[in-house]
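Engineer: next input, structure requested:
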Amino acid sequence: MELRILGCSGGEADGERLTGLLVNGCVAIDAGSITAALTVAEQVKIQHVFLSHSHLDHICTLPFFTKNIFGHTHEAVEIHALPETLDVLRRHLFNDELWPDFSVIPSPNDPTIRYTEIEPECSYHVCGLHITPIRVNHLVPCVGYKVDDGKDAFIFTSDTAETDRIWEVANATPNLRLVITEASFPNEQAWLAEASKHLTPAKLGAELAKLRRAVPVRIYHLTPGDKATMLPQLEALGDARVRLLTQDERLVW
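Structural biologist: The predicted structure is shown next:
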């Protein structure tokens, strides 16, 4: 399995791309940076996009992606997401007001993208991968994902506040190689983390106590302007499993 980190920042700035992962070149998880990180030729190879939730930093390049691949694919790209997330896409993004509705272009029978509802805890087999959504605790309906190729697996929690089930799944995954989870605000902004259902380094430390596996943990979603403050706070956790996720990093198992 190859995991490519297209973007892993909690905000956009020079050199900081928004959330996006690419697995085996053909499955994207979240769409904050597909068009910013990939050539058009690489974008055309994507067959499936799994969205964690509807927040803008996780979906914002989908419109430009659909335009780039139009006319260059033989099958519709499947957009997999919770029903609530797909409803947001239909009503507020691909609505012919903000962007053309590529789910019916060039025709309803031959669209550029196709919406596919997912159900938490159900496994979806695509491109040789088993992808399982797991509900997490965020401001809008949101899932993390377990991605497993039968030999190796990783877990991406997406954006979350305090949660339990995804850690239970992690502990029960014998071939787990990596966990990607978040820290969005410094400890001094715990009130903001609580209001927006994110984690601070201190809150992350409590979450990591639930992970009883000696596997690498990579942290994403730091707010760019607060990174200098947050790095010492993450180091203060004293957890040898923890380091930052790096944009453009490639992991191969």
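Engineer: ok, the residue positioned nearest the centre of the chain to Ala240 distance?
Structural biologist: Central residue of the chain (CA atoms, centre = their mean): Asp30, 4.3 Å from the mean position. Taking CB to CB, to the nearest Å as the measure, Asp30 falls 28 Å from Ala240. In this view, the C-beta of every residue, glycine as well, is placed from N, C-alpha and C.
Engineer: ok, Asp226 touching Phe185?
Structural biologist: Yes: judged on CB atoms under 8 Å, Asp226 makes contact with Phe185 at a distance of 6.5 Å.
Engineer: what about the helices in the stretch 51-200 of the chain?
Structural biologist: Taking DSSP state H, counting those that start in this stretch as the criterion, the stretch 51-200 of the chain carries its helices at 62-69, 83-88, 165-171, 190-196.
Engineer: buried deepest among these, which one?
Structural biologist: Across those, averaging neighbours per residue (mean count of other CB atoms under 10 Å) puts helix 62-69 on top, at a mean of 20.
Engineer: against which helices or strands is that helix packed?
Structural biologist: The elements that helix 62-69 packs onto, with contact taken as 3 or more CB pairs under 8 Å, 6 or more residues apart in numbering; DSSP states H and E, are helix 34-37, helix 40-44, strand 77-81.
Engineer: thinking again about what came up before, so between Asp226 and Phe185, which is more surrounded?
Structural biologist: Phe185 (25 against 19; other CB atoms under 10 Å).
Engineer: verify the stated contact: the more buried one with Ala202.
Structural biologist: No: look at Phe185 against Ala202 with CB under 8 Å: they stay out of range, at 10.4 Å.
Engineer: how about the helices of the stretch 51-200 of the chain in a markdown table, adding distance to Pro120 and mean pLDDT?
Structural biologist: Below are those laid out as a markdown table (distance: least, CB to CB, whole Å; pLDDT from 0 to 100):
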| stretch | distance to Pro120 | mean pLDDT |
| --- | --- | --- |
| helix 62-69 | 22 | 98 |
| helix 83-88 | 11 | 98 |
| helix 165-171 | 9 | 98 |
| helix 190-196 | 22 | 98 |
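Engineer: of the ones you listed, which approaches Leu21 most closely?
Structural biologist: Closest to Leu21 of the helices of the stretch 51-200 of the chain is helix 62-69 (CB to CB; 14.4 Å).
Engineer: show me the contact partners of that closest one.
Structural biologist: 31, 34-35, 40, 43-44, 46, 49, 77, 79, 89, 93-94, 98-99, 102, 112-113 (CB atoms under 8 Å, 6 or more residues apart in numbering).
Engineer: what's the angle from it to strand 77-81?
Structural biologist: Angle between the axes of helix 62-69 and strand 77-81 is 160 degrees (criterion: axes from the mean of the first three to the mean of the last three CA atoms, to 10 degrees).
Engineer: could you check how far helix 62-69 is from the centre of its chain?
Structural biologist: Remark: helix 62-69 is offset 18 Å from the chain centroid, using CA atoms, centre = their mean, to the nearest Å.
Engineer: send me it as PDB with only the CA atoms.
Structural biologist: Extracted as PDB, the C-alpha positions of helix 62-69 are listed here (Å, rounded to 0.1, in the frame of the first residue of the first chain):
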ATOM      1  CA  LEU A  62     -13.800  18.900  -5.600                       C
ATOM      2  CA  PRO A  63     -15.300  21.400  -8.100                       C
ATOM      3  CA  PHE A  64     -12.000  22.000  -9.800                       C
ATOM      4  CA  PHE A  65     -11.300  18.300  -9.800                       C
ATOM      5  CA  THR A  66     -14.500  17.600 -11.700                       C
ATOM      6  CA  LYS A  67     -13.700  20.200 -14.300                       C
ATOM      7  CA  ASN A  68     -10.200  18.800 -14.800                       C
ATOM      8  CA  ILE A  69     -11.300  15.200 -15.300                       C
END
